[in-house]
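Colleague: all I have is the shape, not the residue letters:
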């Protein structure tokens, strides 16, 4: 009898969730697999047909312990495509080098305690949005954070 090990690859479609307060303080997480790399909540779909809103809800809860229903989650209706950093390409099927990412915002009443997923993150910080943008290792994450003043004031409907 032959057993085949099924390899589960990440789906190259993900979300970025900028978590922030009304005074534009932004939550950043330090990656466990790359100490010194700070970012917003990110994560890939678990299944090809998973709605991106569900991915956003799930990833925020998994990475921070925050239930998005405690704030206002909005779809920023903005999708980018970027080249996957070589360091992380082994998580994807052979030949996959690009990822599509949808941006969301989660406004919270205040900057509170965060329960980190220890296998994913080492530390967290609440920073002014400008300082948070400078701290991010990813240029697109910095760009999303710098859009926060415009996005936070824009009339949107929660997802």
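Modeller: Right, received. Where do you want to start? If you're wondering where the values come from, they're calculated on a predicted model, not measured in any experiment.
Colleague: right, and residue 125 touches residue 27 too?
Modeller: Yes. Counting by Cβ atoms under 8 Å, residue 27 is a contact partner of residue 125 at 7.5 Å. C-betas here are computed from N, CA, C, even on glycine.
Colleague: more crowded one of these two?
Modeller: Neighbour totals were compared for residue 125 and residue 27, and residue 27 leads with 25 against 16 (other Cβ atoms under 10 Å).
Colleague: how close does the more buried one sit to residue 12?
Modeller: 25 Å (Cβ to Cβ, to the nearest Å).
Colleague: residue contacts, residue 128?
Modeller: 24, 25, 26 (Cβ atoms under 8 Å, 6 or more residues apart in numbering).
Colleague: and what of residue 33?
Modeller: Applying Cβ under 8 Å, 6+ apart to residue 33 gives the contacts residue 120.
Colleague: swap the cut-off to 10 Å and go again
Modeller: Residue 33 is in contact with 87, 88, 119, 120, 121, 122, counting by Cβ atoms under 10 Å, 6 or more residues apart in numbering.
Colleague: may I ask which of those has the most neighbours?
Modeller: Among the contacts of residue 33, the one with the most neighbours (other Cβ under 10 Å) is residue 121, at 20 neighbours.
Colleague: my read: that residue touches residue 41, true?
Modeller: Yes. The pair residue 121 / residue 41 is scored as a contact, 9.5 Å apart, by Cβ atoms under 10 Å.
Colleague: okay, and the common contacts of those two?
Modeller: Counting by Cβ under 10 Å, 6+ apart, the common neighbours of residue 121 and residue 41 are 28, 29, 63, 64.
Colleague: please convert those to JSON lines, extending it with distance to residue 115 and pLDDT.
Modeller: Compiled in JSON lines, the shared contacts of residue 121 and residue 41 are given as follows (distance: Cβ to Cβ, whole Å; pLDDT from 0 to 100):
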{"residue": "28", "distance to residue 115": "15", "pLDDT": "98"}
{"residue": "29", "distance to residue 115": "11", "pLDDT": "98"}
{"residue": "63", "distance to residue 115": "9", "pLDDT": "97"}
{"residue": "64", "distance to residue 115": "7", "pLDDT": "97"}
